[in-house]
Structure formats: C-alpha cells, structure tokens
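*Asks:* Below is the structure, and that's it, no one-letter string:
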C-alpha cells in the first residue's frame with residue numbers, strides 16, 4: 001500500500017477522506033478542521049465500523065481516518081477488512097491514547113499510520129501519506 005499512498009500525494013486534486021469516530025463532537029471537530037485545510041476533502045462520515053466500511057466502499061476515498069474505539073468493529077478490524085478488499089486506501093488510525101498503547105497492533109501492518117488525537121493536524125495527515 002505504500003506505493004498507493006505515494007500516488008495519492010502526487011495528484012493535484014484534494015485528498016478525499018472519510019472520517020469515522022463514534023463521538024459526534026470529536027467527529028464534527030475533525031471534519032471542521034479538515035474542511036479548513038487546503039488539499040483535503042471530507043466526503044463522508046461514519047459513527048461505527050460497519051458504516052465506515054460502507055462509506056469507503058461507496059465513496060472510494062483515498063484516506064480513511066479511523067477512531068480506534070468504534071462501537072461495533074474497532075478501527076483495527078475495519079482497517080483489516082479494508083486491506084483485505086485490496087483497494088488502495090490510506091488508513092490512519094487515531095485515538096486519545098498514545099501510540100505506545102497500540103504499538104504491537106500497528107507493527108502487524110506497517111502500511112497503517114497512527115496519529116493521536118492530540119497531535120492530529122493537516123500536516124500530520126499529509127506526513128502519514130508519505
């Protein structure tokens with residue numbers, strides 16, 4: 001997937017993103033932040049894992065920003081299913097907990113990126129795509 005992620009960064013059009021987080025206020029804040037940053041286009045939102053999968057299948061974004069703790073499928077399960085589909089979508093997992101809490105699971109798939117919610121920014125998302 002690393003090659004697919006590099007392709008995303010070389011395009012002139014905005015990076016299409018689906019944001020999945022179970023907390024409406026957090027999700028709304030992420031969407032609002034992303035909509036102010038040139039180069040990103042939020043095309044969908046989801047409150048749980050199944051909705052995230054459906055949104056990615058329907059909307060075909062280049063990136064999905066996944067909260068780790070979703071009510072039905074956690075972000076890791078969603079990421080695994082998206083990876084099994086073979087579509088080149090950049091997967092960025094996010095949580096209020098730090099990366100050390102998930103190091104082992106992230107190491108299982110080096111194409112996944114992680115950004116803690118306290119460090120989430122347009123610059124951090126762009127760096128995750130490199």
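*Replies:* Structure received. In this text, all values refer to a predicted model and were calculated from it rather than measured experimentally.
*Asks:* Can you classify residue 109 as helix, strand or coil?
*Replies:* State at residue 109, reduced to three classes by DSSP: H, G, I helix; E, B strand; the rest coil: coil.
*Asks:* And the strands in this protein, which stretches?
*Replies:* Counting by DSSP state E, the chain has strands at residues 15-20, 40-46, 63-67, 90-95, 113-116.
*Asks:* Low-confidence regions, the protein specifically.
*Replies:* Within the chain, the ranges that satisfy pLDDT under 70 run 1-11, 129-130.
*Asks:* where along it do the helices fall?
*Replies:* Taking DSSP state H as the criterion, the chain contains helices spanning 2-10, 24-35, 49-59, 75-85, 103-107, 122-128.
*Asks:* Can you tell me the number of residues neighbouring the residue lying closest to residue 30 once chain neighbours are set aside?
*Replies:* Spatially, and ignoring its direct neighbours in sequence, residue 30 is nearest to residue 19 (5.2 Å; CB to CB, 6 or more residues apart in numbering). To be clear about C-beta, it is placed using only N, CA and C from the backbone, and glycine gets the same treatment. Neighbourhood size, residue 19 [other CB atoms under 10 Å]: 27.
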